[in-house]
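Engineer: next come a sequence and a model predicted from it.
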Amino acid sequence: MKVLITGGAGFLGSHLTDAFLARGDEVTILDVIGDLKIRQHLGNPRFQYVRESVFNTEILDGLVMRADLVYHMAAVVGVEHYVADPYEVLNVNINGTQNVLKAAYKHNRKVVMASTSEVYGRNPKIPFSEDDARVLGSTRVDRWCYSTSKAAAEHFCFAYHRLGLPVVVVRYFNVYGPRLDKLDVGRVITVFMGQVLRGDPVTVIGDGKQTRCFTYVEDAIRATVAAGLDPRAVGGLFNIGNDREFSILELAETMIRAAGSSSRITFVKQENVYGESYEDVPRRVPALARMHEILGVRAETSLEDGLRPTIEWFRAGNGR
Ligand code: UDP
C-alpha cells in the first residue's frame, strides 16, 4: 500500500512512517522541515521524502493522486506557537487541512486527520467523550487559537465526509516519546526533560494539581495505523490516549526519579512562562471506549516504562 504522510518528518509523523515501513508499505512524506527524525530511512527504496509545504497544491495533488491512504499530520503545534504566532497556527491548521481534503476529494483517497485533545478545552466533564462539548475561552486569548484551528479542520473533515469522502479524525492526548520536540521547548515533557537532565529546578506551573494523561508514542501509533486501515473507522472521531491521570507535580516527581536526577521542584507563575495571553486546562482525561472497541487498541505503556526510552533518547544527545 502507498501511504502519504503530511508532516511525516515531525514527531508523530516520523513514528507513523516507521510503522508503515515496518509493515512493508511504501511511504511518501511531505514536510517543510528537513529533520533528522526520518534520516534512518533515506535511501530506502520504499521511502520518499518531499520537502515541500501543503500550500504547494500542485505537488500535493500529485502526491495524493499516487497514494492509497493519506495521513494529514502537518500542523503548527506547541504552546509557544499559539502564543507567539496565532496567524501561522490558524493558516496552516485550517487552510492546509482544506488543501489536503480538496486533493483527496478530487482523487477519492481516504484521509486520517490528526487532531487534538485541546479541542475539548476546559470542559469540566471528565472524562472527555468524543461527542462532548467544547469549552473554550475568549478569542482574545491566543491559547485557544490552536484548539479552534483543529476544530475548524475537523468540521472540514466531516463536511467532506458528507460529500462522500472517507475520513477519520483522531484526537491525541499528550503523546510523548523519543523525538518529541527539542529539549526545553514545546511540551511539558521536553521542558522538564531539559531541566532534569541538567539537574536544574523543575518549573511546575501554579500548584501542579492540573492533570494530563500521557500517552506513549508507540501506543498512539498503533491506534493511528488502525484508524487508517479499519473500514469501521471511516466517518468516525476517536480519542487516542492513555486514561491514567497524572498531576503535573506527579509528572515532575516521576521524571526526576526516572532520570535519577538531583533536580528540585520549583513552583512558578504561568505568566512568567507564557505571558498573560494564556489559560491553562485544569484536567484532561480521555474516554477510550471507541479506541478500545473499534480500533482494537489499548495504550498499555506506563509512564515509567515510556519515560525510560524517552530519557535515553534525549540523554544520548538528541533533540538539542
Ligand atoms: N507546565 C508546567 N511547567 C512548564 C510547562 C508546562 O507546569 O514548564 C504545565 C502546563 O501548565 C500544563 C501542562 O504542564 O498544565 C501541560 O502543558 P503542555 O505545554 O505540555 O501542553 P497542554 O497539555 O497544556 O496542551
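Structural biologist: Happy to help now that I have it. Residues are numbered from 1 along each chain as shown.

Engineer: how about the residues of this protein by the ligand?
Structural biologist: Residues of the chain found near the ligand (CB under 6 Å from any ligand atom) are 79, 118, 174, 187-188, 191, 203-205, 210, 212, 248, 273, 280-281. Placement of C-beta: from N, CA and C, glycine included.

Engineer: among those, which are in helices?
Structural biologist: V79, V188, V191, I248, V273 (DSSP state H).

Engineer: with adjacent residues omitted, what lies nearest to the first one?
Structural biologist: When you say that, I think you mean V79. Nearest in space to V79, with sequence neighbours left out and distances taken as CB to CB, 6 or more residues apart in numbering, is Y274 at 6.4 Å.

Engineer: and the pLDDT for the residue of the stretch 1-150 of the chain found nearest the ligand?
Structural biologist: The ligand sits closest to V79 of the stretch 1-150 of the chain, with a gap of 4.4 Å, by CB to the nearest ligand atom. We have a pLDDT of 72 for V79.

Engineer: what's the helix of greatest length in the chain packed up against?
Structural biologist: In the chain, with assignment by DSSP H, the single longest helix is helix 144-162. Contacts defined by 3 or more CB pairs under 8 Å, 6 or more residues apart in numbering; DSSP states H and E place helix 144-162 against helix 79-84, helix 86-90, helix 97-107, strand 110-116, strand 167-172.

Engineer: what residues does the one helix or strand G228 maps to touch?
Structural biologist: Per DSSP states H and E, G228 falls inside helix 217-229. Helix 217-229 has contacts (CB atoms under 8 Å, 6 or more residues apart in numbering) with 3, 11-12, 15-16, 18-20, 23, 69, 71, 110, 112, 114, 168, 170, 172, 175-180, 233, 236, 238, 240-242, 291, 295-301, 306.

Engineer: do stretch 12-23 as well
Structural biologist: Contacts for stretch 12-23 (CB under 8 Å, 6+ apart): 1, 3, 5-8, 27, 29, 31, 35, 37-38, 41, 44, 46-47, 71, 73-74, 114, 172, 175, 177, 179, 217-218, 220-222, 224-225.

Engineer: hang on, the earlier thing: by neighbours, which of the residues of the chain next to the ligand wins?
Structural biologist: E118 (25 neighbours; other CB atoms under 10 Å).

Engineer: chain neighbours aside, what residue packs nearest to that residue?
Structural biologist: S147 is the one closest to E118 (CB to CB, 6+ apart), at 4.3 Å.
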